[in-house]
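Q: Coordinates for the following, if possible.
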Amino acid sequence: MLRFRAPVGTRVEATERLSLDVLRSIAKAAGPGNVAITLGYVGAPPPNYPINTIYLWTSGQHEAVLRVAFNANSGIRADEFEERLRKSLPVEFPGCQFSFEAADIVTQIMNFGAPTPVEINVSGPDLGADRGFAEKLRRSLATSALSVISSTTNHWTTPASTSTSIGNVRGNWA
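A: Numbering: from 1, shown residues only. The predicted structure is shown next:
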């Protein structure tokens, strides 16, 4: 499962176009005939839509949740493919953020429903200090037994609602 964030303030129509471009890029990277089906949700669920936002949460019209299923005979290993996409998607879509979450039910249950095994959120009233601390924390984690696979930053206009999420932390045990 891929969580995609366009720059904050992007209209839902533009996010939809970007999401389709991201899915086309994934299909191209997977090779002809290797993608069986894709599914996506763009924007925040409207209040009159009967969905529990615990299961599908997006913070606004600039976010999308995308799922891609490969054909069984594609030979694609999801973890290796994710690593390729972690490098290629940010280059192809500058200003956008990407994070991968467990798509299988076993991993989701083992993580107790958390989107990532470990998630660290940094927030506060001073945007500059928050970003500085989050970057210091990211550098510190990079030199530890853990590695930060991906991280995202929410760029809100009001300093009281800014946050940086350092997610998808994986252990490098020797």
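
Q: Keeping just the C-alphas, turn stretch 78-93 into CSV.
A: Provided in CSV are the C-alpha atoms of stretch 78-93 (Å, rounded to 0.1, in the frame of the first residue of the first chain):
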residue,chain,number,x,y,z
ALA,A,78,7.3,-6.5,-3.2
ASP,A,79,10.1,-5.4,-0.8
GLU,A,80,12.6,-5.1,-3.6
PHE,A,81,10.1,-3.2,-5.8
GLU,A,82,9.3,-0.8,-2.9
GLU,A,83,13.0,0.0,-2.6
ARG,A,84,13.2,0.8,-6.3
LEU,A,85,10.1,3.0,-6.0
ARG,A,86,11.4,4.8,-2.9
LYS,A,87,14.2,6.1,-5.1
SER,A,88,12.4,6.7,-8.4
LEU,A,89,9.1,8.2,-7.3
PRO,A,90,10.4,11.3,-5.5
VAL,A,91,12.6,12.1,-8.4
GLU,A,92,9.8,11.7,-10.9
PHE,A,93,7.3,13.6,-8.8
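
Q: What's the local residue count around Lys28?
A: Number of residues near Lys28 (other Cβ atoms under 10 Å) recorded here: 12. Any C-beta I mention is one placed from the backbone N, CA and C, and that applies to glycine too.

Q: got a list of contacts for the longest helix along the chain?
A: Across the chain, the longest stretch assigned as helix under DSSP state H is helix 12-30. For helix 12-30, contacts defined as Cβ atoms under 8 Å, 6 or more residues apart in numbering pick out 2, 4, 6, 10, 34-35, 38, 40, 42-43, 61-64, 66, 68, 70, 74, 76, 81, 84-85, 88-89, 92-93, 96.
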